[in-house]
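[1] The sequence and its predicted three-dimensional model are supplied below.
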Amino acid sequence: MSDRMDDHPGMWASPEAMEATCQEWSAANPGSASEGNRIAWCNDMVSWMRQHAAQWGSWTGWMMHGPMMG
């Protein structure tokens, strides 16, 4: 999904934005996964991020200050 950042600069701005971008990307790149599995994967990813962003300060702070940035 990182290749979508230029198309969607605010894709990480909120959990809703991240989920919408994930759903869009997965619909365009379905592979062998069913639609239900793709939706569930995006939901799970956003749920995980919400959980961990709280540990990193907040949703808005994790992108610049969270451990994922190295």
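    Now that the structure is in, tell me what you want to look at. Keep in mind the model is a prediction, meaning the values are calculated, not measured. Numbers count the residues shown, from 1 in each chain.
[2] R50 - nearest residue in space that isn't next to it in sequence?
    Nearest non-adjacent residue to R50, counting by Cβ to Cβ, 6 or more residues apart in numbering: P15, 5.5 Å away. For glycine as for every other residue, the C-beta is placed from the backbone atoms N, C-alpha and C.
[3] burial of that neighbour, as a residue count?
    P15 has 14 neighbouring residues, counting by other Cβ atoms under 10 Å.
[4] what's the distance between it and G31?
    24 Å (Cβ to Cβ, to the nearest Å).
[5] next one: phi and psi at E24?
    phi -60, psi -50 (degrees, to the nearest 10).
[6] Mind pulling up the pLDDT for it?
    E24 carries a pLDDT value of 90.
[7] on contacts alone, who are the packing partners of the longest helix seen in the chain?
    What stands out as the longest helix in the chain, according to DSSP state H, is helix 35-55. Applying 3 or more Cβ pairs under 8 Å, 6 or more residues apart in numbering; DSSP states H and E, we find helix 35-55 packed against helix 15-28, helix 59-65.
[8] now with 7 Å?
    helix 15-28 (3 or more Cβ pairs under 7 Å, 6 or more residues apart in numbering; DSSP states H and E).
[9] Would you mind pulling up the elements that the helix it packs on packs against?
    helix 35-55.
[10] Residues in contact with the helix it packs on: which ones?
    For helix 35-55, contacts defined as Cβ atoms under 7 Å, 6 or more residues apart in numbering pick out 15, 18-19, 22-23, 26, 30, 59, 62.
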